[in-house]
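In: My questions are about this predicted structure, shown below with the sequence.
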2 protein chains.
Amino acid sequence: MPDPLNNPIEAHRQATYAYVEAFFSSLVASGVEAAFVSPGSRSTPLALTAARTPGLRLHMVLDERSAGFLALGWARQMGRPAVLICTSGTAAANYLPAVTEAHHGRVPMVVLTADRPPELREWGAGQTIDQVGIYGTAVRRFTEMPSPGLDFASVRHAEAAGRRAVGDALGLAPGPVHLNWPFREPLEPPTDPGPQRAHPREWVPPLKAEVNAGEIETVVELMTSVERGWIVCGPMPPCRERDGHLAHLARVSGWPVLADPLSGLRRGHHVEDAPVLAHSDLWLREEMVRARSAPRMILRFGDAPTSKSFRLALEAHPPEHMVLVDGSGQWGDPGHRATHWVRGDPAQVAADLAERLPGRSIDPHWAQALLEIDRRVAVTIDESFEAAAIMDELHVVMCLERSLRDDCTLFVSSSMPIRDVDAVLPVRREPLRILANRGANGIDGVTSTALGAALGDCGPVVLLIGDLALLHDLGGLLSARNHAAPLLIVVLNNDGGGIFSFLPIAEQATRLPFEELFRTPHGLTLRRAADLFELPFEQVDREDRLEDVVRAWLESGLKGPRIVEVPIDRESHVARFRGLVKEAGRVARAGLAP
Amino acid sequence: MPDPLNNPIEAHRQATYAYVEAFFSSLVASGVEAAFVSPGSRSTPLALTAARTPGLRLHMVLDERSAGFLALGWARQMGRPAVLICTSGTAAANYLPAVTEAHHGRVPMVVLTADRPPELREWGAGQTIDQVGIYGTAVRRFTEMPSPGLDFASVRHAEAAGRRAVGDALGLAPGPVHLNWPFREPLEPPTDPGPQRAHPREWVPPLKAEVNAGEIETVVELMTSVERGWIVCGPMPPCRERDGHLAHLARVSGWPVLADPLSGLRRGHHVEDAPVLAHSDLWLREEMVRARSAPRMILRFGDAPTSKSFRLALEAHPPEHMVLVDGSGQWGDPGHRATHWVRGDPAQVAADLAERLPGRSIDPHWAQALLEIDRRVAVTIDESFEAAAIMDELHVVMCLERSLRDDCTLFVSSSMPIRDVDAVLPVRREPLRILANRGANGIDGVTSTALGAALGDCGPVVLLIGDLALLHDLGGLLSARNHAAPLLIVVLNNDGGGIFSFLPIAEQATRLPFEELFRTPHGLTLRRAADLFELPFEQVDREDRLEDVVRAWLESGLKGPRIVEVPIDRESHVARFRGLVKEAGRVARAGLAP
């Protein structure tokens, strides 16, 4: 290091960069592989160091909001933290939507924001806002870092802070951590920075909650005391091993599994011989059906399921026992119906229960009736599409599930698409990974998140998204243009917000400003969005064409994002959905008739 | 109201809507005129009530981030609070960038976020995040509203809360207030809501800090004790009356005024016979010039000026006395050089000082030399453009200032454009209102903010913006497409971040990933953005063409936003800027030679 007295500027630079380099080396050694960086000046030490850290892949993203969701998508897909880097000021504020989703969706992220040093804050300096704790309760930890420089550049502290950031992000409930970095000028690197050291990787292992044997005993006793029980599997991060344990528990107990599309239970080899229900959202809507299918006990894994039918059925016929298995302290029980909480890793709980259960504990006729209803509804859905003249949203889901390969991820937008998928996606032994932003259920940042997932190393990603969500995240299309990721964006274009047609407000549509305030049609030509961002584009309105397009894309080498627009007629979609509900109700009534 | 026992649902609806209506009536009676609403379900009572409140103009905006900046722009232009309305979840998180800018820029806003009621928060309910205090220290007040319904629907409370929200937003330091609204279902309006009551308007007057006579006396004594003083006018919200008082003070004292482009001092009738400097950013760069022009006292109004030259000159030659006039408790002194703080309304302070000053207190030769330098630099700038073969950023500023009418607002993006304007915009008696997001200096939301300003009732708005800021706020172009506001978007397109070429990092460009990490060229064809959003578009690269386009637009009836792209060669711009600095330095050296 140069003599601080002779050359204090160069010495400050060397001290600053040595500190930042130690931090990044430690991040990478702890298992971090991807950084999403937005341009700026105050963040110069972070960005330059990230760029030269071996083992860290950098992605430049102009819009910090989009960058936040890219990091979220990457981390959601990979199950490991991604790093965000931005400059000071409102840049940091733009991360809040993605940080919030990461918090609720339990996605690990390490957020690094550059800042002015404390003496410049609240004194009218440019691009200086209050970044201390800016993400509020949405982060696992907030740390105000020291200003590195001549006075402080402890490599030990920087290395420890890097490991700890990864560890904090990978707790029982993974999530975002925020480190705020005040830098004093000069921000530029030393003249001769020397080589960046590479550390050997020492992955930070995921933390899991140990299972309490006494609690398992209690649940086993409850399960053997009732003859009608459901295993309810809500949204969970992808984990094939856990899926296997859950399916095994279902086989051993004989209890039907309500499989949310985001649970992993609906798709994969584990479904073989397992009693898995896929379409209860369609058939669980009538009082007689709800009453006769109501379980006396529910054993729930994962978050609260997407299905509103299920929620209402639960309200109408609450079980005597509702056991929530909770590995991360989420307490996800908006109806406050849980009678027992089992805190422990869900995979382990399922394995332990299957091992301890003395045998089947089920009313076999009742369980068989439910499975038979679900199977018949699946056939009804299939037939309905064979007969259909025009394609609608549900049809698109069916086309995708038929044409996607085992190595594909289906990323589903919030609002209508996830409900479409929940309703019609069948149980199949062909694996299909399904992801969504179901932490906070926003329609913001969806394209960016799917793009981030496609930048992970897990195969091609197909995004199913509506036109409003697509337009909400135009920054995501800009990011898509700059990243050669295997992403197919399938846009359901019904020119506005389709979900509102299913809400009670639609019943008053004629006397209210329904179109203006809720539907908000836009009339945009989506092809032009593809032109602007120089993305390949197709419009398809026939089923076979969509399947062809998807298959051709999968065989094409997957060189960069691509948009497929499917024009949707809103009224037809509503009619089709309601028609299926009616048909499914008929099947369920018949199946449960005394 | 229907009997709650007989028809509790209808009674809940009536109670909820009566409460919300009382709130909105009170907002409007207090002077609120514009609401920016994003679609959603939980916000139904707010959106529907806003839509039927007489005197409130509704603007629908899909992207909440853009909506936040539209409200900011409207309020910045009008000086009165705009209302924001969104649904629960990450929708609310998207407001943070605009709320942060409103906080630092002292722009009044009333932010209304719908929420789930407390019993559903942190229990895994959909679209439910922690919205309590979500904007942290960036709001003047946060209020968790009661859940209106059968238990609580006090019209008195709702009315008082409405008035108070406006009052809180219009304090000494105007800013955003946040009210979080938990709604229980049903959210739909009563069957017969009855007419919405209209209240007479009772504008909430702006709050001003009274001036302390003793402090005025102290400043007068200081001013008469020195022979070399500057009045420094930094960014302030537009106010013609205050401009007049400040110009009068300058005439009475003889002190030269450093007029930031956002101070209002550079343009308007008040400049007649007033000693106003416009180009010091160009000529205040050399040590000899800084030393000889250095004042012994500075009297500062408004925020810290944009000019970096001024900041560095101040550091090199700090005055004995630096008086900060501060009407809103900003303490905007990043250099910590202030020796005196005068807390009071700036217009009144200026008027009182001019009245109490016994007469001129200035070294007339020194002051005359500074004014003469500034005048000569203005001539140099003019001549430089006459001789120029190609148009650059500075040239565009000159074209705009020549072609804009008195009723126009020039909205200037952060980053390079505001520095361009600071450098070359001359002092003129023709009024020109100039606005920018100089609270946090972000390049986010710039188009949306300018669009919001154009939706106010203050004449046409011309936005000067770079290509990166334009692409950062694509949601703003989507909003522009849906709003027939008189907005001309002039895009300086140099394919990336031009400002980085002026920063120290550029000196190391050859050995660093400068293009990838800082400049970030994108290569997009901006015409296609205009195609997507169906906005009229022109590309101009000649001075006379730009002036023609602007004049034609002003005479055209101003029917909706329009984009004009000016291709900029980055290297030429840097060379031109540096050439002007050199010329200005020569002029200044000659003018200050002993």
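Out: Sure thing, it's come through.
In: ok, whichever residue of the stretch 51-200 of chain A sits closest to chain B - contacts?
Out: The minimum distance from the stretch 51-200 of chain A to chain B, using CB to the nearest CB, falls at A:G124 (2.7 Å). From N, CA and C alone the C-beta is placed, and that goes for glycine too. By CB atoms under 8 Å, 6 or more residues apart in numbering or on different chains, A:G124 lies in contact with B:303-304, B:330-334.
In: interface residues of the stretch 51-200 of chain A facing chain B?
Out: A:51, A:60, A:62-65, A:89-91, A:93-94, A:96-97, A:99-101, A:103-104, A:119-120, A:122-130, A:133-134, A:136-138, A:186-189 (CB under 8 Å from any CB of the partner chain).
In: brain fart, the stretch 201-350 of chain A
Out: A:303-304, A:330-334, A:336.
In: still on that earlier bit, can I get the contacts of A:G124 in JSON lines including pLDDT?
Out: Below are these laid out as JSON lines (pLDDT from 0 to 100):
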{"residue": "B:D303", "pLDDT": "96"}
{"residue": "B:A304", "pLDDT": "96"}
{"residue": "B:Q330", "pLDDT": "88"}
{"residue": "B:W331", "pLDDT": "90"}
{"residue": "B:G332", "pLDDT": "93"}
{"residue": "B:D333", "pLDDT": "94"}
{"residue": "B:P334", "pLDDT": "94"}
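In: among those residues, which ones are buried?
Out: Among the contacts of A:G124, those classed as buried by 16 or more other CB atoms under 10 Å in any protein chain shown are B:303-304, B:330, B:332-334.
In: re earlier: in PyMOL, how would I select just the buried ones from the residues of the stretch 51-200 of chain A next to chain B?
Out: Selecting only the buried entries of those in PyMOL, with 16+ other CB under 10 Å as the criterion:
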select buried, chain A and resi 51+60+62+63+64+65+89+90+91+93+94+96+97+99+100+101+103+104+120+122+123+124+125+126+127+128+129+130+134+136+138+186+187+188+189
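In: mind listing which of the residues of the stretch 51-200 of chain A next to chain B are in strands?
Out: Using DSSP state E, the subset of these located in strands is A:M60.
In: out of the contacts of A:G124, which touch chain A?
Out: Okay, of those touching chain A (CB under 8 Å from any CB), that's B:303-304, B:330-334.
In: Secondary structure for these - can I get that in JSON lines?
Out: Formatted as JSON lines, those follow (DSSP: H, G, I helix; E, B strand; the rest coil):
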{"residue": "B:D303", "secondary structure": "coil"}
{"residue": "B:A304", "secondary structure": "coil"}
{"residue": "B:Q330", "secondary structure": "coil"}
{"residue": "B:W331", "secondary structure": "coil"}
{"residue": "B:G332", "secondary structure": "coil"}
{"residue": "B:D333", "secondary structure": "coil"}
{"residue": "B:P334", "secondary structure": "coil"}
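In: wait, which of those is closest to A:A29?
Out: Using CB to CB, B:P334 is the member of the ones next to chain A among the contacts of A:G124 that lies nearest A:A29, at 37.8 Å.
In: The closest one against A:E122, yeah?
Out: No. If you go by CB atoms under 8 Å, B:P334 and A:E122 don't touch, sitting 9.6 Å apart.
In: Overlap in contacts, those two.
Out: Taking CB under 8 Å, 6+ apart as the criterion, B:P334 and A:E122 both touch A:T128.
In: now A:I85, what's its secondary structure?
Out: strand.
In: Tell me how far it lies from B:R163.
Out: Distance, A:I85 to B:R163, by CB to CB, to the nearest Å: 44 Å.
In: more crowded one of the two?
Out: Per other CB atoms under 10 Å in any protein chain shown, whichever of A:I85 and B:R163 has more neighbours is A:I85, with 28 against 17.
In: in the sheet, who's paired with that one?
Out: For A:I85, the beta-bridge partners are A:V37, A:L112 (DSSP bridges).
In: Could you pull up the contacting residues of it?
Out: A:I85 neighbours (CB under 8 Å, 6+ apart): A:35-38, A:43, A:46-47, A:50, A:112, A:114.
In: residues touching A:V111, list them.
Out: A:V111 touches A:83-84, A:95, A:99, A:135, A:139, A:176-179, counting by CB under 8 Å, 6+ apart.
In: Need these in CSV (columns: pLDDT and distance to B:A440).
Out: Formatted as CSV, the contacts of A:V111 follow (pLDDT from 0 to 100; distance: CB to CB, whole Å):
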residue, pLDDT, distance to B:A440
A:V83, 98, 24
A:L84, 98, 19
A:Y95, 98, 14
A:V99, 98, 18
A:Y135, 98, 17
A:V139, 98, 21
A:P176, 98, 22
A:V177, 98, 24
A:H178, 98, 18
A:L179, 98, 20
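In: Of all pairs in the residues you listed, which one is the farthest apart?
Out: Across the contacts of A:V111, no pair lies farther apart than A:V83 and A:Y135, at 15.2 Å, counting by CB to CB.
In: between these two, who's got more neighbours?
Out: Applying other CB under 10 Å to A:V83 and A:Y135 shows that A:V83 carries more neighbours, namely 29 against 26.
In: and of the residues of the stretch 201-350 of chain A next to chain B, the nearest to chain B?
Out: A:G332 (2.7 Å).
In: In space, what's closest to the closest one - neighbours in sequence excluded?
Out: The shortest distance from A:G332 to any non-neighbouring residue, by CB to CB, 6 or more residues apart in numbering or on different chains, is to B:G124 (2.7 Å).
In: Would you check that A:G68 makes contact with A:V99?
Out: Yes. Shown here, A:G68 and A:V99 form a contact pair, counting by CB under 8 Å, at 6.5 Å.
In: How many residues are close by A:R285?
Out: A:R285, neighbours per other CB under 10 Å, totals 18.
In: ok, the closest residue to it other than its chain neighbours to chain B distance?
Out: Using CB to CB, 6+ apart and skipping the chain neighbours, the partner closest in space to A:R285 is A:S309 (5.2 Å). Distance, A:S309 to chain B, by CB to the nearest CB, to the nearest Å: 14 Å.
In: Now do A:S309 against A:A588, distance only.
Out: With CB to CB as the criterion, A:S309 and A:A588 are 11 Å apart.
In: Which one of these two is surrounded by more residues?
Out: The neighbour comparison of A:S309 against A:A588 (other CB under 10 Å) goes to A:A588, with 29 against 22.
In: Pretty sure that one sits in a helix.
Out: Yes. Under three-state DSSP, A:A588 sits within a helix.
In: Counting neighbours, which bits of the stretch of helix or strand A:H573 belongs to end up buried?
Out: Using DSSP states H and E, A:H573 maps to helix A:570-592. Of all the residues in helix A:570-592, those buried under the rule 16+ other CB under 10 Å are A:570, A:572-574, A:576-577, A:580-581, A:583-585, A:587-588, A:591-592.
In: what's the closest of the residues you listed to chain B?
Out: Closest approach to chain B among those (CB to the nearest CB): A:R570, at 14.7 Å.
In: where are the low-confidence patches of the stretch 101-250 of chain A?
Out: Residue ranges of the stretch 101-250 of chain A with pLDDT under 70: A:198.
In: That one: strands as residue ranges?
Out: A:109-115, A:141-144, A:176-182, A:229-233 (DSSP state E, counting those that start in this stretch).
In: Then the stretch 251-400 of chain A?
Out: Taking DSSP E, counting those that start in this stretch, the strands of the stretch 251-400 of chain A run over residues A:257-259, A:276-277, A:297-301, A:321-326, A:340-343.
In: Let me see the mean pLDDT of the second one.
Out: Summarised as a single mean, pLDDT over strand A:276-277 is 98.
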